[in-house]
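>>> Return atomic coordinates for the entry below.
(4 chains)
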There are 2 protein chains.
Amino acid sequence: MGVTLKDIARDLGVSVITVSKALRNHSDISEQTKARVLKRCQELNYRPNLAARALVTGRTNMIGFVIPDLLHTFFSEVVRGVSVALRNSGYTLVVTSSEQDPKIERQAVEQFITRRVDMLLIASTHWTVEMFRRIEEAGIPYILIDRSFVGLAAHFVGVNDEEVGALATQHLVDTGCKRIAHIGGPALSPLLGRLEGYKRALAKNNIPFDSDLVMSTDRAEELGDAAAYSATQVLLGQNPRPDGIFCYNDLAAYGAISAILDAGLRVPEDVSVIGCGNLLYNKFLRVPLTSVDQQSAVIGQRAAKLALQLIEADQPVVPKPIYLEPRLVVRASTRKQKALARS
Amino acid sequence: MGVTLKDIARDLGVSVITVSKALRNHSDISEQTKARVLKRCQELNYRPNLAARALVTGRTNMIGFVIPDLLHTFFSEVVRGVSVALRNSGYTLVVTSSEQDPKIERQAVEQFITRRVDMLLIASTHWTVEMFRRIEEAGIPYILIDRSFVGLAAHFVGVNDEEVGALATQHLVDTGCKRIAHIGGPALSPLLGRLEGYKRALAKNNIPFDSDLVMSTDRAEELGDAAAYSATQVLLGQNPRPDGIFCYNDLAAYGAISAILDAGLRVPEDVSVIGCGNLLYNKFLRVPLTSVDQQSAVIGQRAAKLALQLIEADQPVVPKPIYLEPRLVVRASTRKQKALARS
DNA sequence: CGTTTCTTGTGGAACGTTTCCCGTTCACCA
DNA sequence: TGGTGAACGGGAAACGTTCCACAAGAAACG
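A predicted model of the protein is given here:
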């Protein structure tokens, strides 16, 4: 069916090895021969058989990426960053969604190990380190994306989550909020960091921490907004009620805003809301959402760059986390009195 | 490094072939031997080398999917539908975005051909049939998703676009609109179908077709809302101005709504807006958006099912397009006087 | 008892590359 | 004239799997 090296070699009266070397720019082949080979390959539209190559080299030129959710725009943006950076690198990016299910995630990882990808990127929903031990046993290098693990010395690319929490909370303080609530998500590293930052910012402003103001929505459904909706209803039932809510991601903030409006209150006049992620859709919302930008595209680029480096390196590289700095993007949902910035 | 068939065979004192057959449930192996083999494979955590298998069988167990844009939720939903349906099928789905660029799309397709995927799914941004001829030459079966081609007898899964246009337009008529505009996108098949449906619905209601009311935004930028924004500004400048706008997708509708509100008009009281795609975010918008649902998830499922059928079939199968019926989802952006349905 | 048939298993080759190592050829130098 | 070393090229083996054809043995049959 396909054209093989053998065909080219026969046509040109040289050996298969010569053709193979010519195509890969080996130094032991004369320019003239190279040119002849290249020409003939073009004519016949030769395509190397990657399976055969993978068999002998042990490298597949594939990079696997496991994300929690395809519909969550944050991860789509990261994926896009990775794939743009990988274009023309010769590597194929294979993305699988775990649908936020640790079991599916594990299957996806197993599949990637069986496929023998050269590198694995993972935004994990696991809380334990065990799966990563298996990846290490299989000898596949990996990079954690967005979510890290204490006690796992691994490569990591993501935003500085404590800074995210501090930035968001401080902004609410700056816009005049006195009673600031926090809606968190699944107990993974971003959440813990953000909670830490939230506490730090409160302390800095001499606001006492009140655990009644911290809600956690355990496992996210479709978009994660419904859980935040009910959490917000609980918060609004308190007396006095909070006048600012810091949500662990933008989808949760969408839910929070709906709950506030449905309760007959106004955003931001009665309650300010801030999210994280700075999703593309934020500007179209009922109340355009203030958010902490996590530099999704940059995360993707940096991860891709690191991945290529690690693949090229013949020595194992000592892991060193890459933390990106978050940025505040102010929109209507927190513009209480003073306009602080433009969206 | 990895455990191979040979290791297992040596351990058990049988031949490699026997192990291979046992694992694939061939009938010439006794139950007893099968059990022994399976047990040992488990113990050693054997993983077949897919590259070697691909080399000899000529099948990679990979399915490629080229979409125009990862950030456009419609396609994410389709991808998700496909990947859910493919889970546990033994096939790996590889998704690549063309960023709406025909050139990148072509590269992506070339890469898939080189990878020798078993099947190709394509939501193409091309207007010509040439690329598909190349895919056919390479002997790879393919299915068109969402966008079809006149003059190309190919498998297709998508919504009935003429029905989409008719449904949307009729809904605007039903809610009292007299002057109905249409904002279209790139000149691909969905657009043409929807325009056709728009015209048909106008004719049915004895509304004359006015070409001034049809705008087309040529090439979409990031989300496609900015082009629609300016198109809407042009429409609003007309006298009399339209009182209903049918947008070719939801993102365009987001842009249209922004333009209308920014002009100091109300949605839907002054101008109704309807989109297509029924994106997940529609309910959170400034004005929750009425939309024609394109059954993205179902498109994905059907495509996956068809793909598996086509791969299994040893004969080439005669292409037969699969058209899904669109459904109307009414929200605030068209609720002029009478509430027609719940969102 | 010889022949056929079924069951269970094996031998050898093939898939298309790459890699290691060795062989020419030729020019140049001492 | 012999030796040295580039420069260029090839031979053989290997990677891990599957497929085609056939073999050994037992059972069934005439």
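>>> Quick one: the helices in chain A, in order.
A:5-12, A:16-23, A:31-44, A:50-57, A:73-86, A:102-115, A:130-137, A:161-174, A:189-204, A:225-236, A:250-262, A:296-312 (DSSP state H).
>>> So what's the gap between the last one and the chain middle?
Spelled out, that is helix A:296-312. Centroid separation between helix A:296-312 and its chain, computed with Cα atoms, centre = their mean, to the nearest Å, is 11 Å.
>>> Low-confidence regions, the stretch 201-343 of chain A specifically.
Along the stretch 201-343 of chain A, segments meeting pLDDT under 70 span A:219-223, A:337-343.
>>> Buried ones in stretch A:316-332, by neighbour count?
Buried residues in stretch A:316-332, counted by 16 or more other Cβ atoms under 10 Å in any protein chain shown: A:I322, A:L324, A:P326, A:L328, A:V329, A:V330, A:R331, A:A332. From N, CA and C alone the C-beta is placed, and that goes for glycine too.
>>> As a markdown table, these with distance to A:Q32 would be great.
Output for the buried residues of stretch A:316-332, formatted as a markdown table (distance: Cβ to Cβ, whole Å):
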| residue | distance to A:Q32 |
| --- | --- |
| A:I322 | 47 |
| A:L324 | 50 |
| A:P326 | 57 |
| A:L328 | 61 |
| A:V329 | 59 |
| A:V330 | 64 |
| A:R331 | 64 |
| A:A332 | 68 |
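>>> Keep those, but drop any that are not near chain B.
Filtering the buried residues of stretch A:316-332 for proximity to chain B by Cβ under 8 Å from any Cβ of the partner chain leaves nothing.
>>> Identify the bridge partners of A:F246.
Judged by DSSP bridges, the bridge partners of A:F246 are A:H182, A:I274.
>>> Then A:T96?
A:V66.
>>> and it, what does it touch?
Contact analysis of A:T96 by Cβ atoms under 8 Å, 6 or more residues apart in numbering or on different chains lists A:G64, A:F65, A:V66, A:I67, A:A108, A:Q111, A:F112, B:S83, B:L93.
>>> can you pick the most crowded of those residues?
A:F65 (29 neighbours; other Cβ atoms under 10 Å in any protein chain shown).
>>> out of everything not next to it in sequence, what's closest to that one?
Nearest non-adjacent residue to A:F65, counting by Cβ to Cβ, 6 or more residues apart in numbering or on different chains: A:L121, 4.3 Å away.
>>> before we move on, back to that, distance to A:I8 and pLDDT for the contacts of A:T96 - can I get that in CSV?
Output for the contacts of A:T96, formatted as CSV (distance: Cβ to Cβ, whole Å; pLDDT from 0 to 100):
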residue, distance to A:I8, pLDDT
A:G64, 32, 98
A:F65, 35, 98
A:V66, 39, 98
A:I67, 41, 97
A:A108, 38, 97
A:Q111, 35, 96
A:F112, 33, 97
B:S83, 38, 96
B:L93, 33, 98
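>>> coming back round to it: what's the neighbour count on the residue nearest to A:F65?
28.
>>> and chain A, which of its residues are near DNA strand C?
A:1-2, A:4-6, A:16-17, A:20-21, A:23-24, A:46-49, A:52-53, A:55-57 (Cβ under 7 Å from any atom of the strand).
>>> For the residue nearest to A:Y323 when sequence neighbours are not counted, which residues are in contact?
Nearest residue to A:Y323, sequence neighbours excluded (Cβ to Cβ, 6+ apart): A:N160, at 4.3 Å. Going by Cβ under 8 Å, 6+ apart, A:N160 touches A:G193, A:Y323, A:L324, A:E325, A:P326.
>>> same deal with A:P190?
A:D146, A:R147, A:G158, A:V159, A:D161, A:V164, A:Y248.
>>> which of these lies closest to DNA strand D?
A:R147 (33.0 Å; Cβ to the nearest atom of the strand).
>>> Now do the end-to-end distance for stretch A:231-248.
12 Å (Cα to Cα, to the nearest Å).
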